[in-house]
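Novice: Could you work out the structure for the sequence below:
(one chain, ligands or ions: 1)
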Amino acid sequence: MSDSGKIGQRMYALVEELYPICRSITGNGVRSTLEIIKQSTPITIHEVKTGTQVFDWTVPKEWNINDAYIIGPDGDKIVDFNENNLHVLNYSAPINTTVPLDKLKEHLYTLPEHPQWIPYRTSYYQEKWGFCLSHDQYTSLKEGDYEVVIDSTLSDGHLTYGEYLIKGETDDEILLSCHICHPSLCNDNLSGIALMAQLIDHLHKQKLRYSYRFLFIPGTIGSITWLSRNENTAAKIKHGLVVVCVGDPGSFTYKRSRDGDAEIDRAVLNVLGDIETDFNVIDFYPYGYDERQYCSPGFNLKVGSLSRSTHGCFPEYHTSADNLSFITPDAMEESLSVYISVMDILENNKTYINTSPKCEPQLGKRGLYDSTGGTHTNDKNFQMALLWILNLSDGSYSLLDIAERSQIPFSTIKAAAAALYGTDLLKETPVTDPK
Ligand code: ZN
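Specialist: Numbering: from 1, shown residues only. So this is what the prediction gives:
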């Protein structure tokens, strides 16, 4: 098997290992998930106490669950948390009682449009109990008394999240963030965890200009908590992506940052444009995942979200059908390669100055002119890239500007800039902090 095939398999294997764990926004499911990630990536695990004020929110009570089931009028266990953790309303308060069917139904959640699937439902900030089950099973329930048991605890504890920093040449940071609060769901968002773990592995082997901060956090409350504890660090974040739903074989979706035309937006669109698949671009809107917090007006970080199928828009979303057969190693590996290409643009998007701007410099005497006329398409692109770079490098156009205007792939522009930089024709502009 090629190295490339192995990477997808490795990502899939991590998803398989994490899949059975019942996670939520707090609790031992999150801890054991982070411990598994830590076996291959030395993340730091942070614990923030229940009751801690984080901007307008408060870190909630910690939720843990041992068991949950419903026993029907015949004495059979008809719903069992141990068979599928989606059966319990996530963050359910404990209960141990017997209720008639009509009363039970007030606490049941189903998906009539997909009668065989179990929905994923949560109630984090309103204390209630409930079960989720297939609509087929729901309609077959008969009159009688039902014993319901949810052996859970809601008590003072902690919110847990993981963090990892790769230090680059500068303190400017690129943020990558994924949520770790969903139970047995694969695309949303175990695929994101697996992608981030593999991206860390990849970036560790590179010489990096930027520093990279990875956050493995519970959705919403996790990013709010991190931002409230790290306002100074947040100021160093120049670009970022929320990693979500990257495991299904659907086409890519990019949700722009709040400003919409940040460098991260342009880098992602450049990569997606080059791989020539159908892809969707959606404008920023203040819903979705943690980009809502990173792009809140008090921070307005340049953070977009790059996924495959758009969350909320595929039928399997937040159901038991978002399982191990919904994602593929190949799709995850392709997603990883897109993320790597985006980081490559950010790393190499520099602005240069042509030191010989009066008329075209003579490339032939520097070994850069293809005197045979260049029959190879890439060679022709490379020759054109040299000319574009020389023409536009007056200190006001970056390599990404040049790639966009010339419609030459960024990788070719990057290679041509490296060739020119190796001669006396190009020098780097002094680093200035944009805006
Ligand atoms: Zn979700």
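Novice: which stretches of the chain aren't confidently modelled?
Specialist: Within the chain, the segments meeting pLDDT under 70 span 1-4, 371-378, 431-435.
Novice: can you list the domains in it?
Specialist: 3-60+158-347, 63-155, 350-429 (automatic domain parsing).
Novice: Rebuild those domains as JSON lines, extending it with mean neighbour count.
Specialist: Glycine gets a C-beta too; all of them are placed from N, C-alpha and C. Formatted as JSON lines, the domains of the chain follow (neighbours: other CB atoms under 10 Å):
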{"stretch": "domain 3-60+158-347", "mean neighbour count": "20"}
{"stretch": "domain 63-155", "mean neighbour count": "17"}
{"stretch": "domain 350-429", "mean neighbour count": "17"}
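Novice: All the helices of this protein, residue numbers only.
Specialist: 3-18, 28-40, 101-105, 135-139, 191-204, 221-229, 231-234, 263-275, 291-294, 329-348, 377-392, 399-406, 410-421 (DSSP state H).
Novice: The longest one to helix 191-204, inter-axis angle?
Specialist: Taking axes from the mean of the first three to the mean of the last three CA atoms, to 10 degrees, one finds that helix 329-348 is oriented at 50 degrees with respect to helix 191-204.
Novice: now helix 329-348, how far from the chain's geometric center?
Specialist: 12 Å (CA atoms, centre = their mean, to the nearest Å).
Novice: which secondary structure elements does it contact?
Specialist: Judged by 3 or more CB pairs under 8 Å, 6 or more residues apart in numbering; DSSP states H and E, helix 329-348 is in contact with helix 3-18, helix 191-204, strand 237-243, helix 263-275, strand 303-307, helix 410-421.
Novice: Now render these as a markdown table, adding distance to Gly288.
Specialist: Shown next, in a markdown table, are the helices and strands packed on helix 329-348 (distance: least, CB to CB, whole Å):
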| stretch | distance to Gly288 |
| --- | --- |
| helix 3-18 | 22 |
| helix 191-204 | 13 |
| strand 237-243 | 8 |
| helix 263-275 | 15 |
| strand 303-307 | 7 |
| helix 410-421 | 27 |
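Novice: mind checking which of the ones you listed is nearest Asp145?
Specialist: Closest approach to Asp145 among the helices and strands packed on helix 329-348 (CB to CB): helix 3-18, 37.5 Å.
Novice: Which strands and helices lie in contact with that closest one?
Specialist: Helix 3-18 packs on helix 28-40, helix 191-204, helix 329-348, going by 3+ CB pairs under 8 Å, 6+ apart.
Novice: The same query, at a cut-off of 6 Å, please.
Specialist: Counting contacts by 3 or more CB pairs under 6 Å, 6 or more residues apart in numbering; DSSP states H and E, helix 3-18 is packed against helix 191-204, helix 329-348.
Novice: nearest to Ala417, of these?
Specialist: It is, among those and with distance given as CB to CB, helix 329-348, at 7.9 Å.
Novice: and the angle for the closest one with helix 410-421?
Specialist: Using the same axes, to 10 degrees: helix 329-348 against helix 410-421 is 30 degrees.
Novice: which residues are in contact with helix 329-348?
Specialist: Here helix 329-348 makes contact (CB atoms under 6 Å, 6 or more residues apart in numbering) with 7-9, 11-12, 191, 195, 198-199, 209, 239, 246-247, 249, 267-268, 271, 410, 414.
Novice: Pull that helix out as CSV, backbone CA atoms only.
Specialist: Extracted C-alpha coordinates of helix 329-348, given in CSV (Å, rounded to 0.1, in the frame of the first residue of the first chain):
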residue,chain,number,x,y,z
PRO,A,329,-10.4,6.8,4.3
ASP,A,330,-10.0,8.3,0.8
ALA,A,331,-12.3,11.2,1.5
MET,A,332,-10.5,12.0,4.7
GLU,A,333,-7.1,11.8,3.0
GLU,A,334,-8.3,14.1,0.2
SER,A,335,-9.6,16.6,2.8
LEU,A,336,-6.2,16.5,4.6
SER,A,337,-4.4,17.2,1.3
VAL,A,338,-6.6,20.2,0.7
TYR,A,339,-5.8,21.5,4.2
ILE,A,340,-2.1,20.9,3.6
SER,A,341,-2.3,22.9,0.4
VAL,A,342,-4.0,25.8,2.1
MET,A,343,-1.3,25.9,4.8
ASP,A,344,1.3,25.8,2.0
ILE,A,345,-0.2,28.9,0.4
LEU,A,346,-0.2,30.7,3.8
GLU,A,347,3.3,29.7,4.5
ASN,A,348,4.6,30.8,1.1
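Novice: ok, now how distant is the closest residue to Val59 other than its chain neighbours from Arg229?
Specialist: Spatial nearest neighbour of Val59, excluding adjacent residues (CB to CB, 6 or more residues apart in numbering): Thr52 at 4.3 Å. Distance of Thr52 to Arg229, given as CB to CB, to the nearest Å: 9 Å.
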